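Q: mind looking at a prediction? Sequence and model below.
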Amino acid sequence: MAVSSVRRVVVFDVGGVLCHEDGRAEALAAAAGVSCTTMDRAYWDLRDAYDLGDSHVHYWMGVLDRVGVQPTPTLLRELDRIDCASWSSLNEQAGAILARLRDRRSPTVVLSNAPHNLARTLRLAPWFDLIGCSYFSCDMGRAKPDPEVFRWVTEDLAIDPTDVIFFDDRGANVAAARNAGWRAHVYESAEHASLVLSEHAML
C-alpha cells in the first residue's frame, strides 16, 4: 500500500498499545487448570515460533505439554478463543485516537507480532475499519525487533523512514525502529500518544 503522496504515517503496535490483554493470563490458567505463573511461563516460552507462523494446534499442544495437561480439541479451541479475544479488545482511549486520525485522514497502520488466528481475528474486528493497512509477523515470517521488519514496512508503504511515527510498548522494538530511521516512541498512555501526534501535526 503506497502512501508516498502523504507526508506522514502513524504505525501502532497492538498488544499493550491499541489493545490490552487484561485477564488473559488468569483466564488461560483457569481453562487449563494450572497456576497463572506456570501457564504464563509456557505461554511466552513458545510464543516466538507461533508469532512467526506456527499453527495454533501445535502451539497450544506445546504449551499444555509444558504445564502437564492432556490436550483435547475442546480445550485447544478454548485456549485459542481466550487468547484471540484478549488481544483484540480495543482500548477505549486508543480507539478515540484512531477515530481522530481517521477524521483527519491521517494514514494509520498496524505492525504487530501476532500468529495467524489472532491476525485474522483482528482484521475481522469492527474497530479494524479504522486501520488503513496491517503487517503481522505471521505473514512476514519475521518479528520485531528484527530490522528487516521495519525495512519491509517502509518499502511497502513507499515512504521515507523519517515520516513514520511509531508507537510500541517494548523498548527493544522502539530502539530497532529508531535504528531504521523511524520516529519511534514507547507507548506510555493515550494522553502521551495524543501529545506526540499533536506535536507532529497529526491530530
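A: Great, that's in hand.
Q: rest of the way, CA atoms for contacts and neighbours
A: Noted.
Q: now do the buried residues in the longest helix that the chain contains.
A: As assigned by DSSP state H, the longest helix anywhere in the chain is helix 73-87. Neighbour counts over helix 73-87 (16 or more other CA atoms under 10 Å) mark 75-76, 78-80, 82-87 as buried.
Q: in TSV, list the residues you listed along with pLDDT and distance to Val11.
A: Shown next, in TSV, are those (pLDDT from 0 to 100; distance: CA to CA, whole Å):
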residue	pLDDT	distance to Val11
Leu75	98	35
Leu76	98	32
Glu78	98	31
Leu79	98	29
Asp80	98	26
Ile82	97	26
Asp83	97	23
Cys84	96	21
Ala85	95	22
Ser86	94	21
Trp87	95	17
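Q: break this protein down into its structural domains.
A: Per the record, the chain has its domains at 9-19+90-199, 24-87, by automatic domain parsing.
Q: now do the helices in the chain.
A: 24-32, 36-45, 47-51, 56-67, 73-87, 92-103, 116-124, 137-140, 147-157, 171-179, 190-199.
Q: which regions of this protein lie under the pLDDT threshold?
A: 1-6 (pLDDT under 70).
Q: residue most distant from the centroid, it?
A: No residue in the chain sits farther from the centre than Gln70, which is 29.5 Å out by CA atoms, centre = their mean.
Q: quick check: closest non-adjacent residue to it.
A: With CA to CA, 6 or more residues apart in numbering as the criterion, Gln70 has its nearest non-adjacent residue at 6.7 Å, and that residue is Leu64.
Q: count of residues packed around that neighbour?
A: 20 (other CA atoms under 10 Å).
Q: could you pull up the residues touching it?
A: Shown in contact with Leu64 (CA atoms under 8 Å, 6 or more residues apart in numbering): 32, 70-71.
Q: likewise Ser88?
A: Neighbouring residues of Ser88 by CA under 8 Å, 6+ apart: 14, 19, 118, 121-122, 125.
Q: ok, back up a step: return the distance of the residue nearest to Gln70 relative to His116.
A: Look at Leu64 and His116: by CA to CA, to the nearest Å, they are 19 Å apart.
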